[in-house]
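**Q** have a look at this prediction, sequence included:
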2 protein chains.
Amino acid sequence: MENVIIGEKTQELIDSLGIELVSSEINNFVDGGVCAAKGWKANGVHCGLAHKALTDTEEKSQAANNALPSANKKNDLAMIMSDKRAAAAAVYTTNKVKGAPLTVTKENLADGYAQGVIVNSVNANTCNADGIEKAKKMAELAANAMGISPADMVVASTGVIGQVFPIEPIEKGIPGLYSGLSYTGNDEAVKAIMTTDTKPKEIAVECEIGGKICRVGGMLKGSGMIHPNMATTLTFITSDAAISPEMVKKALCDNVQYTLNCVSVDGDMSTNDMCVVMANGCAGNSEITEENDDYGIFCEALWTVMVNLARMMARDGEGATKLIECNVKGADSFETAKTAAKSVIMSSLFKAAMYGEDANCGRIMCALGYADAEYDVNKIDIDIASKGGYLNVCRQGSLLDFDEVLAKKILVETDITIIINLNQGDNGAMAWGCDLTYDYVKINGDYRS
Amino acid sequence: MENVIIGEKTQELIDSLGIELVSSEINNFVDGGVCAAKGWKANGVHCGLAHKALTDTEEKSQAANNALPSANKKNDLAMIMSDKRAAAAAVYTTNKVKGAPLTVTKENLADGYAQGVIVNSVNANTCNADGIEKAKKMAELAANAMGISPADMVVASTGVIGQVFPIEPIEKGIPGLYSGLSYTGNDEAVKAIMTTDTKPKEIAVECEIGGKICRVGGMLKGSGMIHPNMATTLTFITSDAAISPEMVKKALCDNVQYTLNCVSVDGDMSTNDMCVVMANGCAGNSEITEENDDYGIFCEALWTVMVNLARMMARDGEGATKLIECNVKGADSFETAKTAAKSVIMSSLFKAAMYGEDANCGRIMCALGYADAEYDVNKIDIDIASKGGYLNVCRQGSLLDFDEVLAKKILVETDITIIINLNQGDNGAMAWGCDLTYDYVKINGDYRS
């Protein structure tokens, strides 16, 4: 990280999260999120979505709220638009229950191109009988405002599942949303996709492809119901690189398994997860159409964006006070390493111990023991580390009588790493999670109110 | 349940847990737990086990504690003994990391017989280099006191993983433990296996086999790291029925998959889980050696014991304020139904919503959607029920605009049922869990202190 330049706003964000950025060292971090790359505008507004049918009293209170100056209302509707059609690809949740917008987006991305994004928070538009109809309507309204084809729209929703989706606030909100689009609108857009997130999560990097400066930037929302698998949470990534739809898809699929798919906040896989990557070619590089060096550079930039978004998502998991990275090495395959790493970061008991800053390392062994993968537990070594220090806690499957004072010094930090060596192969994987806290329970005990 | 007689102490226990007993209607519930059946004695004492090496100050405080009258010290060591050798079978955790006592018990039960049990709480004797040696020593010490072969001992431990296991307190405690054995010692024994359990959990039933009154009784400890699979939590079941070792094993395996294996408190599968069933023949019935009517009656009694222990365990899950039963029907197989039911009761988001008494039924659909089983989510119906009422919340995969006031009335109760009809087959399964609360986090944030 020595020679890497970091944008001022990005530095502020990661400082406030209490984590470090991960870099491939060929990228500089720039501000601007989804607007960092050339030709990308964005905006976000408060359109007044509710996640349930309102009573008369609530309607009045809502009306009063809508009459407040806009600074007092959380954005709930965002738009992203490219100056020209962009090569686009997405991965989606594997949950059998799927948000209606996913079906519409999948259809629209079948040709490998998109130009606009419309996304709302508050209501997930899932498990509704008329969901697809309304998701199509939302895409159409946005496309009409932008003057593009509805088939070039990405549409997404996040929020409460199974409540009637009100299209009226969206219809009312779109004209203002469109007219406010700007090349620096990422701040407003990222606020609109936040649900229980405490921080906006965005990151962008700069690299050089074929002599041209290219950028890749993204925004993401967490922060509960996070357990991506063959998909991601709601993530939008934009770039100005010129790259074919096939190669965008390949770059996304190559990276998602090592980044967003290795995050778990609570083991609950959302119905609405989606990660979309769009590249509009405005950087002017010659189009990437094969796995050459240029593709490698693009991939590395994309990886840097995705791995940092993944870490931010875990760190800002619901109620979280710590980011927990589990680094498994010495496995016979990537899959084994990933299964072992995810088993540890998903263990409720381990997560609660991390919150308590208690080095109850038996729980790490326990989680490694029930992971759905084969290895000899009697060969396992475990260390724990943070800015506070480094400590061996287990050798060959037996826990050591370690220094509890140093252990506490390590666990008091907000960015903790668990290093596990299975000592039975040459493969590794990383997974990211967070601690389990009172606030997780509080946030989720009454999410709908 | 109309004609079923319930022992007074049993009634008190289930009242204090706030749940209902489940009965097969041919069994009466009797008091006495593991001592209900003829020829079974038990006892429990405080022997002063610690789960970590003590500092000087702690040793002094421990010594002071040991000097207190025994009423102030929690039992941590229990013994169960049969007047004669009993046919015995057990199932164990499938965690790759196994407590040392399991290895010793498995070896001892290979011949199908056992006569005594020695079990401690506080320290799990797991992930210790000298664990097996010490588990053997513990069995030997107990067997010597009882005057039986060490090969007829069941040995078990529960508590913190990976701390040196001190054999001295056990050695000191066994003489008093043995001399205090009695036919009414179940109360002391069940206290000794409790860890974070808030209530002792025991149940016994009476039935008639071949004209003889037979009893089956059991005790169980929960209450965190509970996610049995092909095994159980620590459960000891005794009977006076005459039955062959082969049929005991069959009865246990037939029942465990529908009862203890359908409980999840936190998704963490313990390293030390074990369920052992022992039948000593003191009732005088003619020995059950095949799957005849007598076997059917024994099985039903065993099921009644196990299903009620399973429900008690879930209800007394760490921090729990509610028992959640998920009843899935209309599945193409038992396995599908069980996978769906367990996915719901394991969802952290659903569990937190239950704690908040919030009918966020989208989370039920979400958990059904990511369950590792195949079905059409558009056919699913969901109802919720308790003493407070009955409510349809989802039809054909779409959530209904239900009565929130009635929903609240239902969820305010402590014994909640979620009824799910997949509408695509004739098979069903039940699973039991609990809500996720602040106290779960609190208990597990600093378990070792």
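**A** Happy to help now that I have it. Residues are numbered from 1 along each chain as shown, chains lettered A, B, ... in the order given.
**Q** mind checking pLDDT for the closest residue to chain B within the stretch 101-250 of chain A?
**A** Using C-beta to the nearest C-beta, A:I161 is the residue of the stretch 101-250 of chain A that sits closest to chain B, at 2.5 Å. Yep, even glycine has a C-beta here, placed from its N, CA and C like the rest. A:I161 carries a pLDDT score of 87 in this model.
**Q** now it: closest residue in space, sequence neighbours ignored.
**A** Leaving out its chain neighbours, the residue that sits closest to A:I161 by C-beta to C-beta, 6 or more residues apart in numbering or on different chains is B:G362, at 2.5 Å.
**Q** one more: A:C394?
**A** Excluding its sequence neighbours, the residue lying closest to A:C394 (C-beta to C-beta, 6+ apart) is A:I382, at 3.8 Å.
**Q** shouldn't that neighbour be within a strand?
**A** Yes - judged by DSSP: H, G, I helix; E, B strand; the rest coil, A:I382 forms part of a strand.
**Q** could you give the number of residues near it?
**A** By the criterion of other C-beta atoms under 10 Å in any protein chain shown, A:I382 has 21 neighbours.
**Q** A:M278 sits in which helix or strand?
**A** strand A:274-279 (DSSP states H and E).
**Q** and that strand, what does it pack onto?
**A** If you count contacts as 3 or more C-beta pairs under 8 Å, 6 or more residues apart in numbering or on different chains; DSSP states H and E, strand A:274-279 packs onto strand A:77-92, helix A:100-108, strand A:113-120, strand A:153-157, strand A:235-239, helix A:245-256.
**Q** which strands and helices sit next to the helix or strand containing A:A42?
**A** A:A42 is part of strand A:40-45 when elements are defined by DSSP H and E. Judged by 3+ C-beta pairs under 8 Å, 6+ apart, the packing partners of strand A:40-45 are strand A:77-92, helix A:168-179, helix A:186-193.
**Q** quick revisit: doesn't B:S398 make contact with the residue of the stretch 101-250 of chain A closest to chain B?
**A** No - A:I161 lies out of contact with B:S398 (C-beta atoms under 8 Å); the separation is 10.8 Å.
**Q** next, show the common contact partners of the two.
**A** Common neighbours of A:I161 and B:S398 (criterion: C-beta atoms under 8 Å, 6 or more residues apart in numbering or on different chains): A:C127.
**Q** between the two, point out the one with more neighbours.
**A** Applying other C-beta under 10 Å to A:I161 and B:S398 shows that A:I161 carries more neighbours, namely 29 against 16.
**Q** just the pLDDT for A:I26.
**A** 73.
**Q** could I get the phi/psi values of it?
**A** Main-chain torsions, A:I26, degrees, to the nearest 10: phi -100, psi 0.
**Q** so it versus A:T414, what's the distance?
**A** Going from A:I26 to A:T414 by C-beta to C-beta, to the nearest Å gives 28 Å.
**Q** could the helices and strands packed on strand A:274-279 be laid out in TSV, adding mean neighbour count, distance to A:Y183 and mean pLDDT?
**A** Rendered in TSV, the data for the helices and strands packed on strand A:274-279 read as follows (neighbours: other C-beta atoms under 10 Å in any protein chain shown; distance: least, C-beta to C-beta, whole Å; pLDDT from 0 to 100):
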stretch	mean neighbour count	distance to A:Y183	mean pLDDT
strand A:77-92	23	9	96
helix A:100-108	22	24	96
strand A:113-120	26	15	97
strand A:153-157	28	19	96
strand A:235-239	32	11	96
helix A:245-256	20	22	96
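**Q** could those go into TSV alongside distance to A:W40?
**A** Converted to TSV, these look like this (distance: least, C-beta to C-beta, whole Å):
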stretch	distance to A:W40
strand A:77-92	6
helix A:100-108	18
strand A:113-120	10
strand A:153-157	13
strand A:235-239	5
helix A:245-256	15
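**Q** against B:G397, how distant is the residue of the stretch 101-250 of chain A closest to chain B?
**A** Remark: distance between A:I161 and B:G397 (C-beta to C-beta) = 11 Å.
**Q** pull up the overlap in contacts between the two.
**A** A:V97, A:C127, B:M365.
**Q** all strands of the stretch 251-400 of chain A, in order?
**A** With DSSP state E, counting those that start in this stretch as the definition, the stretch 251-400 of chain A shows strands at residue ranges A:274-279, A:323-331, A:381-386, A:389-395, A:398-399.
**Q** deepest of these, which one?
**A** Mean neighbour count (mean count of other C-beta atoms under 10 Å in any protein chain shown) peaks for strand A:274-279 among those, with a mean of 28.
**Q** follow-up on the earlier one: distance between the strand holding A:M278 and the chain's centre?
**A** Strand A:274-279 sits 11 Å away from the centroid of its parent chain (C-alpha atoms, centre = their mean, to the nearest Å).
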